[in-house]
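would you be able to build a 3D model of this:
(one chain, ligands or ions: 1)
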Amino acid sequence: MPEGVKYEDLKNQVDRVSKAFEQEFGRFARFRTSADGLSLPEAESLMRELGEARTRHTGKKSELAAVKKLIGRVAPEERASFGQLVQQLEAEIASAVEEVEATLRDFISSAQIERERIDVTLPGRRVRRGHLHPITLLRERIEDIFVSLGYAIEDDREIETDYYNFDALNIPEGHPARASQDTFYTTDGFALRSQTSTVQIHAMERRTAPLRMIAPGRVFRRDTPDATHNPMFFQVEGLCVDRGITMAHLKGTLSEFVHRLFGPEIRTRFRPSYFPFTEPSAEMDYSCFKCGGAGCRTCKGSGWIELGGCGMVHPNVLRAVKIDPEEFSGFAFGFGLDRMAALMYKLDDIRLLFENDVRFLEQFN
Ligand SMILES: [Zn+2]
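Numbers count the residues shown, from 1 in each chain. Next up is the predicted model:
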């Protein structure tokens, strides 16, 4: 052992290191078992400071490291006990720091989980559900009824040539229905269809007889909008062509339809009428679903509500689509959805249906 390195001095040096650590560790010591009461940022900064303290007291440039270097210079007989002393101090420091570190680490990790936790018991943000338009609701009910009666649903174009809108429907040139004040024409001479009967022609051309179909769709007429008129509205067209079809089939089918839509107590009546594409033609009424025929506001006191026009398909219409009227006969009908929806949903004004005010539309389901 070199002169001047006295065991006593070394031991004092170890004590000094120990005291210095204890002094600094004092403020961490209370977190040995619990970090309760700390905030997350406080705990995180304590953790950082504790790491710095450890480096300061046990790192390569610490006084403890300097003391360790002296172990080899202690007299051999005292070296073991001195070495033990230093190691013990080092172990004490390490375990004290680790204890607090473990507590802080646990605390920080559960505080972070707490901060990021999703409360699954909170009510979710509800997705706003849309509503079907009242016209769509009614159209779907009508489609269901006719599909169950064996009818196909046809859809077709809304812009038509004069041929499909008029000629093929037995509406000749000069007929008042062709007047331009009733129909929207494009500059190229096409017409926005003024009735869904155009779909009859397309369907018969494509599928020929026998056939049963309905065609719900939009039609256009030059009307000034008011409480009961709109230049755009919805119709449902129906057509049945087969061998031996008579007016009795027409009456039976439409009666069945109103029974299924409004109830079995509904009565029907047919009034003679005229349409170019049917012969004979009729208007069909059904007894008021609200008052049962006694007369009320819905039926304007008459007890009857008008459904629409119908009749036996005119032989000229069958000929236009190359169906032999000697072999086949058929009936057709058409009615408006808008006024029916207005009656069913008690609307004073059919324009409400197309103002697209969600507050209004979402009331119906
Ligand atoms: Zn009534």
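
what helix or strand is residue 96 located in?
Here residue 96, judged by DSSP states H and E, is contained in helix 76-116.

other SSEs contacting that helix?
Under the contact criterion of 3 or more C-beta pairs under 8 Å, 6 or more residues apart in numbering; DSSP states H and E, helix 76-116 touches helix 7-29, helix 40-58, helix 63-69. Glycine gets a C-beta too; all of them are placed from N, C-alpha and C.

okay, angle between that helix and helix 7-29 too, please.
Relative orientation of helix 76-116 versus helix 7-29 (axes from the mean of the first three to the mean of the last three C-alpha atoms, to 10 degrees): 10 degrees.

rewinding a little: in JSON lines: the helices and strands packed on helix 76-116, plus mean neighbour count and mean pLDDT.
Formatted as JSON lines, the helices and strands packed on helix 76-116 follow (neighbours: other C-beta atoms under 10 Å; pLDDT from 0 to 100):
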{"stretch": "helix 7-29", "mean neighbour count": "15", "mean pLDDT": "87"}
{"stretch": "helix 40-58", "mean neighbour count": "16", "mean pLDDT": "90"}
{"stretch": "helix 63-69", "mean neighbour count": "15", "mean pLDDT": "85"}
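
any chance of those helices in JSON lines, with distance to residue 230 too?
As requested, the helices and strands packed on helix 76-116 are exported to JSON lines (distance: least, C-beta to C-beta, whole Å):
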{"stretch": "helix 7-29", "distance to residue 230": "81"}
{"stretch": "helix 40-58", "distance to residue 230": "64"}
{"stretch": "helix 63-69", "distance to residue 230": "94"}
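
out of those helices, nearest to the ion?
Among the helices and strands packed on helix 76-116, the nearest to the ion by C-beta to the ion is helix 40-58 (72.0 Å).

do you know how far residue 80 is from residue 86?
11 Å (C-beta to C-beta, to the nearest Å).

okay, those two: which has more neighbours?
residue 86 (20 against 11; other C-beta atoms under 10 Å).

is it true that the more buried one touches residue 11?
No: using C-beta atoms under 8 Å, residue 86 is not in contact with residue 11; the gap is 9.9 Å.

so who does residue 327 touch?
209, 243 (C-beta atoms under 8 Å, 6 or more residues apart in numbering).

rerun that using 7 Å as the cut-off
Listed by C-beta atoms under 7 Å, 6 or more residues apart in numbering, the contact set of residue 327 reads residue 243.

and if you look at residue 165?
If you count contacts by C-beta under 7 Å, 6+ apart, then residue 165 has 191, 193-194, 198 around it.

residue nearest the centroid of the chain?
Nearest to the mean C-alpha position of the chain, by C-alpha atoms, centre = their mean, lies residue 129 at 5.6 Å.

right, and the secondary structure at that one would be what?
When classified by DSSP: H, G, I helix; E, B strand; the rest coil, residue 129 comes out as coil.

mind checking pLDDT for it?
We have a pLDDT of 78 for residue 129.

from the ion, how far out is it?
Residue 129 sits 34 Å away from the ion, going by C-beta to the ion, to the nearest Å.

and the helix holding residue 96, what's its mean pLDDT?
Helix 76-116 comes out at a mean pLDDT of 89.

that helix versus helix 40-58: what angle between them?
Using the same axes, to 10 degrees: helix 76-116 against helix 40-58 is 170 degrees.

ok so, going back, ok, the contacts of residue 165 vs the ion, which is closest?
Nearest to the ion among the contacts of residue 165, with distances taken as C-beta to the ion, is residue 194, at 29.9 Å.

which non-adjacent residue is nearest residue 302?
residue 295 (6.4 Å; C-beta to C-beta, 6 or more residues apart in numbering).

would you map out the domains in the chain?
For the chain, automatic domain parsing gives the domain ranges 7-116, 134-361.

nearest to the ion, of the ones you listed?
Closest among those, using C-beta to the ion: domain 134-361, at 2.9 Å.

would that closest one count as contacting the ion?
Yes: using C-beta under 5 Å from the ion, we find that domain 134-361 touches the ion at 288, 290-291, 296, 298-299.

now do the same end-to-end measure for that domain.
7 Å (C-alpha to C-alpha, to the nearest Å).

so which residues of this structure form helices?
Remark: helices assigned in the chain by DSSP state H are 7-29, 40-58, 63-69, 76-116, 134-148, 162-165, 197-207, 247-262, 315-320, 337-344, 358-361.
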